[in-house]
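1. sharing a model that was predicted from the sequence below.
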Amino acid sequence: MLASEPPPKVYRLLTSWRLFALLFPALGLAFPALMAWALLTSSQPPGAGVLMIAIGSSLMVLIVSALLYYGVMNIRLVISPSGITYYSLGYQVRTSWDNIAGLGEAWTGRAWLKGLVLRQPAVEVDWWLRPGLKVFGPVVALRSGHPLSTRIIEPYSKIIPLGLFARDWPRSALGAAIRHYAPQAFAETPQ
């Protein structure tokens, strides 16, 4: 970043999404509480094996729910003069402004995702997600009826969703920043 460049602007998830994310720690705490209640109200004292399973599964649920909450709360959009980066759970889409083709939609295999459409893919998968994609990618592909592929992240590689960060984003500060750096985004975009 040059000394004269403004600092990057970070856009966090809308409040509604951050409130939804609170379900993860709530469920993470509810599971051990229910497990403790079941053990305490049991007519017979639980054996050592049952206790180990209850404690182990409760710890696992607590850890996974905490990690999910942390991951969702770190979803963000970063805009700078050099480009735009969408940080999601397990991957980022990082691109320069000249790679923005316009506004549009991309089919993710489950739903249409609206946002900035890119000319070239710009996805970077986090180190911890790569092994999971190799293992579970074929399973997801078979279940969804799509061709067998470990590239289930591919639909996300050419789109940056914007509605997660601002309601009516074209008329918001986010829209103004995109209009400033990538006016071509607001031109008619072929799908």
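-> Ah, there it is.
2. show me where the protein has its helices.
-> Assigned helices in the chain, in chain order: 15-21, 23-40, 48-73, 130-144, 173-181 (criterion: DSSP state H).
3. can you add distance to W112 and give the ones you listed back as a markdown table?
-> Heads up, the C-betas are built off the backbone N, CA and C, glycines and all. Shown next, in a markdown table, are those (distance: least, Cβ to Cβ, whole Å):
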| stretch | distance to W112 |
| --- | --- |
| helix 15-21 | 18 |
| helix 23-40 | 24 |
| helix 48-73 | 21 |
| helix 130-144 | 15 |
| helix 173-181 | 20 |
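4. and the ones you listed, which is most packed in?
-> helix 173-181 (a mean of 16; mean count of other Cβ atoms under 10 Å).
5. contacting residues around stretch 23-38?
-> A54, S57, S58, V61, L62, V64, S65, A66, L68, Y69, V72 (Cβ atoms under 8 Å, 6 or more residues apart in numbering).
6. from V10, how far out is the fourth one?
-> Right, V61. Distance from V61 to V10, counting by Cβ to Cβ, to the nearest Å: 31 Å.
7. surely Y156 touches L89?
-> No - counting by Cβ atoms under 8 Å, Y156 does not reach L89; the two are 10.7 Å apart.
8. between the two, tell me which one has more neighbours.
-> Y156 (21 against 13; other Cβ atoms under 10 Å).
9. now do that one, the pLDDT please.
-> Reported pLDDT at Y156 in the predicted model: 81.
10. what residue ranges in this structure score low on pLDDT?
-> Regions of the chain meeting the criterion pLDDT under 70 cover residues 1-3, 129-153, 188-191.
11. give me the domain ranges for it.
-> Domains of the chain are assigned by automatic domain parsing as 11-73, 77-186.
12. now the contacts of stretch 23-38 in a markdown table, with distance to L27?
-> Below are those laid out as a markdown table (distance: Cβ to Cβ, whole Å):
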| residue | distance to L27 |
| --- | --- |
| A54 | 16 |
| S57 | 13 |
| S58 | 12 |
| V61 | 8 |
| L62 | 10 |
| V64 | 10 |
| S65 | 6 |
| A66 | 11 |
| L68 | 9 |
| Y69 | 10 |
| V72 | 13 |
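13. which among the residues you listed gets closest to A187?
-> Nearest to A187 among those is V72, at 32.9 Å by Cβ to Cβ.
14. E5: which of the domains of the chain is closest?
-> Short answer: domain 77-186, nearest of the domains of the chain by Cβ to Cβ, at 5.0 Å.
15. endpoint to endpoint, the closest one covers what distance?
-> One end of domain 77-186 to the other measures 19 Å (Cα to Cα, to the nearest Å).
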